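Q: no sequence on hand, only this structure:
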């Protein structure tokens, strides 16, 4: 879900690079029954005011701020959970506003977001930007992500916000961090009025994430390659929600390979055109209009392409 989204909950491909939620509902942590003290309320209010000042845009005489929508959403996020942001810092990138702590991680994520944004805009085109929230711990990440399930994930995109789970994100390699941030920003950029099939949503985000990684197919799709080599069930149908829940690593890899197949056979622009079309019409209609295929045609071509790539040493 986009937010992963459904990333993505499982590590696949390069270890620990998957990022999303699978859409299963989760209960927000119970709130304390004890009302906050007056001093605590004043400190919380002071934090919210200070962060609002940091998130303020240019003056009236300045040129329009391309991050206006993201900045306003960041301020709204701070107001929704003001007690989380004591000592937080803010970093602005070209298309992202990052709020959280520690300061070094916030700055690093802003830099990663700029690098990821170049990939996303090069593939998809312009979008309004994103808010990246970096809470202190897993409990806060769960509260920010509710009702989506974020346990076990490195990050999740919900609407125009990306929520980072700090412990899981910290375990990623430098390449893995960039893949995750690119994946999540792709979800933000491609959000539309109509849901596309889950394999296309997650496969396209992974296609963007791995686009410039230089990782070989059998590294990214290691779990799927092992299943194919062992003769275990795989590559039957394009993965649906049940597959992402039951065997997430393989489902993400299958979805990535499906998008990679479309780009290889028809060109990257056709892959983007298919995604754009699927946001506004039934997927079968979009598939026939953009690629001239039925779902059965696509499935056969994807299976052959994936088996060939996974069989290579």
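A: Yes, it's here. Everything numeric here is computed off the predicted structure, so don't read it as measured data.
Q: confirm residue 91 sits in a helix?
A: No. Read with DSSP: H, G, I helix; E, B strand; the rest coil, residue 91 is strand and lies in no helix.
Q: quick check: the residue nearest the centre of the chain vs residue 178, distance?
A: Nearest to the geometric centre of the chain sits residue 184, at 2.1 Å (Cα atoms, centre = their mean). In this view, residue 184 and residue 178 are 11 Å apart by Cβ to Cβ, to the nearest Å. Where you see a C-beta, it was placed from the backbone N, CA and C, and this is true even at glycine.
Q: equivalent analysis for residue 145, please.
A: Using Cβ to Cβ, residue 145 is found at 21 Å from residue 178.
Q: so which of those two has more stuff around it?
A: Per other Cβ atoms under 10 Å, whichever of residue 145 and residue 178 has more neighbours is residue 145, with 25 against 21.
Q: check what pLDDT that one gets.
A: At residue 145, the model reports a pLDDT of 91.
Q: re the thing from before, name the helix or strand for the residue nearest to the centre of the chain, please.
A: helix 174-190 (DSSP states H and E).
Q: which strands and helices lie in contact with the helix or strand that that helix is followed by?
A: Using DSSP H and E, the helix or strand that follows helix 174-190 towards the C-terminus is helix 198-210. Contacts defined by 3 or more Cβ pairs under 8 Å, 6 or more residues apart in numbering; DSSP states H and E place helix 198-210 against helix 103-123, helix 174-190, helix 241-246, helix 248-266, helix 268-278.
Q: from the chain's centre, how far out does the shortest one sit?
A: Right, helix 241-246. Centroid displacement of helix 241-246 relative to its chain, using Cα atoms, centre = their mean, to the nearest Å, is 17 Å.
Q: show me what it is packed against.
A: helix 198-210, helix 248-266.
Q: buried sites along it?
A: Residues of helix 241-246 classed as buried: 241, 243, 244 (neighbour count, 16 or more other Cβ atoms under 10 Å).
Q: what secondary structure does residue 162 sit in?
A: strand.
Q: burial count for it?
A: 29.
Q: can you check residue 224 too?
A: With other Cβ under 10 Å as criterion, residue 224 counts 27.
Q: ok, residue 76 next?
A: Residues lying near residue 76 (other Cβ under 10 Å) number 12.
Q: any buried residues in the helix holding residue 184, and which?
A: 176-190.
Q: please name every helix or strand in contact with it.
A: Short answer (3+ Cβ pairs under 8 Å, 6+ apart): helix 174-190 packs on helix 103-123, strand 130-134, strand 155-158, strand 161-164, helix 198-210.
Q: give me that answer again for 6 Å
A: Packing contacts for helix 174-190, counted by 3 or more Cβ pairs under 6 Å, 6 or more residues apart in numbering; DSSP states H and E, involve helix 103-123, strand 155-158, helix 198-210.
Q: need the winner for burial among the ones you listed.
A: strand 155-158 (a mean of 31; mean count of other Cβ atoms under 10 Å).
Q: tell me the mean pLDDT for that one?
A: 94.
Q: and stretch 238-253, by the same measure?
A: The model assigns stretch 238-253 a mean pLDDT of 96.
Q: 49 is where my numbering starts, stick with that
A: In the new numbering, first residue 49, that becomes stretch 286-301.
Q: I figured the residue nearest to the centre of the chain hits residue 204, correct?
A: No. Here residue 232 does not reach residue 204: they are 7.2 Å apart, not a contact under Cβ atoms under 6 Å.
Q: and the end-to-end length of stretch 198-209?
A: 14 Å (Cα to Cα, to the nearest Å).
Q: chain center to that stretch, what's the gap?
A: Counting by Cα atoms, centre = their mean, stretch 198-209 comes out at 7 Å from the chain centroid.
Q: quick one: low-confidence parts of this protein?
A: Within the chain, the stretches with pLDDT under 70 are 49-112.
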